[in-house]
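Novice: Provide a 3D model corresponding to the input given below.
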Amino acid sequence: MTHDWCGWRDAAERALYGPGGFYTSGDGPGPAGHFRTSVHVSSRYAEALAALLCRVDVSLGRPAELALIDVGAGRGELLTGVLAALPEPVRARVRPYAVERAPRPAGLDDRVTWLPELPAPGSLTGLLFANEWLDNVPVDVAETDGDGVPRYVLVRADGTERLGDPVTGADAAWLARWWPLPGGDPGLRAEIGRPRDTAWSRAVGTLRAGLAATADYAHTRDTRPPFGTLTGFREGREVRPVPDGTCDITAHVALDACAGPGAEHVTQRQALHALGVDGSRPPLSLASSDPAAYVRALGSAGAAAELTDPAGLGSFGWLLQPVGGSCTGLLTP
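Specialist: Modelled structure (predicted):
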C-alpha cells in the first residue's frame, strides 16, 4: 500500500480490489468472515429470490434460457441457495452467473459461470441481483472547509485524512443535485455517488429483458446524513475505515440517484413480505401435534423477523429496474 495522499475512491479501490485486497484475496472465509449480510442470516433470503426469479420467468413468457446474475457474489452462497430453492421446471432452464473479482471458490456448482466482470451489454434475459454490492463501489468523499466550500477528502494508507482541492465539474454537479452541502457550515461530509450511478447503469444494461434489482444500505435525498456514512468492518465489528486491505470499506448508497426510468424503490421489509417471507410465529397447537415441525417453523419465523426488522435489515433499500418492457409490478400482492 502507498503512503501517498489520494482521494478515497482510489484508496478504497486499491484496498478492496487491488493485489491481495480485501475482496480479491482467495484466502480465508471471504466477506462472510467479517460481516453478516442477509444472505448469511437464513435460507429464507435465497428462497425469496427464487420466488422473485419465478415471477420474472412468468413475466418473460418462460424463455428457453433464464439468466440469474449475482453481482458481488462473494463465495457463491446466494446462487447456491437460490438454485436449491427453485422448482425443477425452472431450475432446468436457469443459467447462473456469478460476477466477482475474487477467485472461484472450490466446490461451487459446475453450472455456475464465474466472471470477473459483468457480461456483455444486452446479452442476457432474466434476473440480475446485487446484494450489498453498490456500497462497496468506491467513491470519493467531500467535506466542507472553514468557509463551507466542499473539498475532496484525501487519505493515506494508515487512514490519516486531510482536505484537498475544491470539488468541481461533474462531481460538483452531482453533489448539487443529489447531496447538497449547506454553504457556510464546516465539517459536513458527503459521499459522491456518481461512480455507483454508472456501475448500476452498466449492470442494468447487461439485460436484454428482465429485472435488475439491488439491495443495500441506502438513503434518499431528504434523509442524507450530515456527516456521511463511510466506515469499515473487520471480523464482525465496525471499525475505523483504513484503506490498507485489512478491512471492508463501505458507505451507504444514494439509491434515488441510481434509479432509472420506471424503477421502483421499496424497503427490504416490503419486498420480502411481498415474496412470502413472514415472521409470524407458528401456532402453539403445532407444538403439541408435531414438536419437531414447530421448532423448525419457529426458527424460520425468527430468521424471517431478522430479515424484515424495520430497525435492521428490513430497512435496507431495494431498487427494482424493469428492462425491456416486462417485469413490472412483480412485488404487487
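
Novice: tell me the pLDDT of residue 37.
Specialist: Residue 37 carries a pLDDT score of 80 in this model.

Novice: now residue 224
Specialist: Looking at residue 224, its pLDDT reads 96.

Novice: touching, it and residue 255? I think so.
Specialist: No - at 11.8 Å, residue 224 and residue 255 do not qualify as touching, with contact defined as Cβ atoms under 8 Å. All C-beta spots, glycine's among them, are computed from the backbone N, C-alpha and C.

Novice: quick one: which of the two has more around it?
Specialist: Taking other Cβ atoms under 10 Å, residue 224 and residue 255 do not tie; residue 255 has more neighbours (25 against 18).

Novice: so which residues of the chain form helices?
Specialist: Under the criterion DSSP state H, the chain contains helices at 8-17, 38-41, 43-59, 77-85, 88-91, 169-178, 194-204, 255-258, 268-274, 285-289, 291-307.

Novice: give me the average confidence score over the last one.
Specialist: For helix 291-307, mean pLDDT rounds to 70.

Novice: that older thread, out of the helices of the chain, which comes closest to residue 329?
Specialist: Closest of the helices of the chain to residue 329 is helix 43-59, at 9.0 Å (criterion: Cβ to Cβ).

Novice: which parts of the closest one are buried?
Specialist: By neighbour count on 16 or more other Cβ atoms under 10 Å, the buried set for helix 43-59 is 43-57, 59.

Novice: check stretch 171-188 too.
Specialist: 171, 174, 175, 178, 179, 181, 188.

Novice: and the fourth one, how far is that from residue 258?
Specialist: Meaning residue 178. 10 Å (Cβ to Cβ, to the nearest Å).

Novice: which residues do the two both contact?
Specialist: Shared contacts of residue 178 and residue 258, defined by Cβ atoms under 8 Å, 6 or more residues apart in numbering, comprise residue 193.

Novice: in this protein, where is pLDDT below threshold?
Specialist: Applying pLDDT under 70 to the chain picks out residues 1-3, 25-36, 279-288, 290-291, 293-300, 333.

Novice: could you chop it up by domain?
Specialist: Recorded structural domains for the chain (assignment: automatic domain parsing) are 34-138+193-217+252-323, 140-184.

Novice: return the distance of the longest one from the chain's centre.
Specialist: The one in question is domain 34-138+193-217+252-323. The chain centroid and the centroid of domain 34-138+193-217+252-323 are separated by 9 Å, computed with Cα atoms, centre = their mean, to the nearest Å.

Novice: and the strands in the stretch 101-250 of the chain?
Specialist: Assigned by DSSP state E, counting those that start in this stretch, the strands in the stretch 101-250 of the chain fall at 113-115, 124-131, 140-144, 150-155, 161-166, 189-192, 207-216, 218-219, 231-234, 237-239, 248-250.

Novice: measure how far the fourth one is from the centre of its chain, please.
Specialist: Just to be clear, that refers to strand 150-155. 25 Å.

Novice: likewise the shortest one?
Specialist: Strand 218-219 sits 11 Å away from the centroid of its parent chain (Cα atoms, centre = their mean).

Novice: quick one: residue 324 from residue 225, how far?
Specialist: Residue 324 is 36 Å from residue 225, where distance means Cβ to Cβ.

Novice: any idea which of the domains of the chain is most buried?
Specialist: Stretch with highest mean neighbour count among the domains of the chain: domain 34-138+193-217+252-323 (a mean of 19; mean count of other Cβ atoms under 10 Å).

Novice: which of the helices of the chain sits closest to residue 69?
Specialist: Checking the helices of the chain against residue 69 by Cβ to Cβ gives helix 194-204 as the closest, at 8.2 Å.

Novice: could the strands of the stretch 101-250 of the chain go into JSON lines alongside distance to residue 308?
Specialist: As requested, the strands of the stretch 101-250 of the chain are exported to JSON lines (distance: least, Cβ to Cβ, whole Å):
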{"stretch": "strand 113-115", "distance to residue 308": "31"}
{"stretch": "strand 124-131", "distance to residue 308": "15"}
{"stretch": "strand 140-144", "distance to residue 308": "31"}
{"stretch": "strand 150-155", "distance to residue 308": "35"}
{"stretch": "strand 161-166", "distance to residue 308": "37"}
{"stretch": "strand 189-192", "distance to residue 308": "27"}
{"stretch": "strand 207-216", "distance to residue 308": "12"}
{"stretch": "strand 218-219", "distance to residue 308": "16"}
{"stretch": "strand 231-234", "distance to residue 308": "22"}
{"stretch": "strand 237-239", "distance to residue 308": "22"}
{"stretch": "strand 248-250", "distance to residue 308": "22"}
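
Novice: any idea which of those strands gets closest to residue 94?
Specialist: strand 124-131 (7.8 Å).

Novice: can I get the closest one as PDB, trimmed to CA atoms?
Specialist: Extracted C-alpha coordinates of strand 124-131, given in PDB (Å, rounded to 0.1, in the frame of the first residue of the first chain):
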ATOM      1  CA  LEU A 124     -28.900 -11.900 -21.200                       C
ATOM      2  CA  THR A 125     -32.500 -12.300 -20.300                       C
ATOM      3  CA  GLY A 126     -33.600 -12.900 -16.700                       C
ATOM      4  CA  LEU A 127     -32.900 -11.500 -13.200                       C
ATOM      5  CA  LEU A 128     -29.800  -9.600 -12.200                       C
ATOM      6  CA  PHE A 129     -29.500  -9.200  -8.400                       C
ATOM      7  CA  ALA A 130     -26.800  -7.300  -6.400                       C
ATOM      8  CA  ASN A 131     -26.900  -7.800  -2.700                       C
END
